[in-house]
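Chemist: Generate a structure from the sequence data that follows.
(chains A and B)
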Amino acid sequence: GENVEQHPSTLSVQEGDSAVIKCTYSDSASNYFPWYKQELGKRPQLIIDIRSNVGEKKDQRIAVTLNKTAKHFSLHITETQPEDSAVYFCAEAAGNKLTFGGGTRVLVKP
Amino acid sequence: KAGVTQTPRYLIKTRGQQVTLSCSPISGHRSVSWYQQTPGQGLQFLFEYFSETQRNKGNFPGRFSGRQFSNSRSEMNVSTLELGDSALYLCASSPRQGRSPEQYFGPGTRLTVT
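Modeler: Numbers count the residues shown, from 1 in each chain, chains lettered A, B, ... in the order given. As a prediction, this is how the structure comes out:
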């Protein structure tokens, strides 16, 4: 079945530094890879996504890369700010069912 | 547009009882998916409804069921509650079924089973 591994589980960075979260997946049929940010007590918020026909996508300070051959994708946050502190989840889908990674708790230290 | 709404936001139930949770998708969205979030198991897919029909189902026991109404609102029901059912139940709405659409989450219902 589908499986998504996410690393690291926790990440502490200094404000202004970059943060990188990596995910690997197993289902060859996966064609959609969203990233969600969940702040404490809040709903998961879709922050960026990428589809299998694209290798990279950028939106201001965040970017995602996808390597379909190796079955891994990554989230890059540049110039981190304290408000970037949250839990980030990667996910994959080949339809309407999302399979999530275990999450990465990101702490940005001022 | 208003976002996804869920009611109730918090619920406390006793083992053996049943519970019904409600989700109203974003206006115009016709697909509703349900997820369970726990510290130990993370985010897990329960089921998805589109056009009042269940289209996809996760690996949960039959005590977990759902339905969708003609206005796309969805409900999920958990019967014979167990302590392990304590979790945040999230629904997500999508504009279509298939072709991996974006999914937008509601605030969730926090269920505590005692």
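Chemist: When you work out contacts or count neighbours from here on, use the C-alpha atoms and nothing else.
Modeler: Will do.
Chemist: How many residues are close by the nearest residue to A:R51 once chain neighbours are set aside?
Modeler: Leaving aside its chain neighbours, A:R51 sits nearest to A:Y32 (4.6 Å; criterion: Cα to Cα, 6 or more residues apart in numbering or on different chains). For A:Y32, the number of neighbouring residues by other Cα atoms under 10 Å in any protein chain shown comes to 21.
Chemist: Buried residues of stretch A:14-28, list them for me.
Modeler: Burial within stretch A:14-28, assessed by neighbour count using 16 or more other Cα atoms under 10 Å in any protein chain shown, is assigned to A:15, A:18-25.
Chemist: Same check on stretch B:12-29?
Modeler: Across stretch B:12-29, burial judged by 16+ other Cα under 10 Å covers B:13, B:19, B:21-26, B:29.
Chemist: again, but for stretch B:63-70
Modeler: Those buried within stretch B:63-70 under the rule 16+ other Cα under 10 Å are B:64-68.
Chemist: who touches the residue nearest to A:R51 in this structure?
Modeler: A:49-52, A:92-94, B:100 (Cα atoms under 8 Å, 6 or more residues apart in numbering or on different chains).
Chemist: Angles on the backbone of it, please.
Modeler: In this entry, A:Y32 is assigned phi and psi values of phi -140, psi 130 (degrees, to the nearest 10).
Chemist: what pLDDT does it get?
Modeler: According to the predicted model, the pLDDT of A:Y32 comes to 94.
Chemist: before we move on, what about B:Q97?
Modeler: B:Q97 carries a pLDDT value of 75.
Chemist: hang on, it packs against A:N96?
Modeler: Yes - proximity of B:Q97 to A:N96 meets the contact threshold set by Cα atoms under 8 Å, at 6.4 Å.
Chemist: what's around A:L11, how many residues?
Modeler: 16.
Chemist: list the contacts for it?
Modeler: Here A:L11 is in contact with A:19, A:104-107 (criterion: Cα under 8 Å, 6+ apart).
Chemist: Out of those, which is nearest to chain B?
Modeler: Taking Cα to the nearest Cα as the measure, A:T104 is the one of the contacts of A:L11 closest to chain B, at 11.2 Å.
Chemist: Check the buried residues of stretch B:63-70 and tell me the two furthest apart.
Modeler: Put simply, by Cα to Cα the two of the buried residues of stretch B:63-70 set farthest apart are B:F64 and B:Q68, 14.1 Å from each other.
Chemist: And A:P82, its phi and psi?
Modeler: Dihedral angles of A:P82 (phi, psi; degrees, to the nearest 10) stand at phi -50, psi -30.
Chemist: Next up, the contacts around A:A29.
Modeler: With Cα under 8 Å, 6+ apart, A:A29 has these contacts: A:A94.
Chemist: oh sorry, the question was meant for A:D84
Modeler: When the contact criterion is Cα under 8 Å, 6+ apart, the partners of A:D84 are A:106-108.
Chemist: again, 7 Å this time
Modeler: A:V108 (Cα atoms under 7 Å, 6 or more residues apart in numbering or on different chains).
Chemist: Turn the contacts of A:Y32 into TSV, including secondary structure and neighbour count.
Modeler: Conversion of these to TSV gives the following (DSSP: H, G, I helix; E, B strand; the rest coil; neighbours: other Cα atoms under 10 Å in any protein chain shown):
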residue	secondary structure	neighbour count
A:D49	strand	22
A:I50	strand	21
A:R51	strand	17
A:S52	coil	14
A:E92	strand	31
A:A93	strand	22
A:A94	coil	19
B:S100	coil	20
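Chemist: Many thanks, have a good one.
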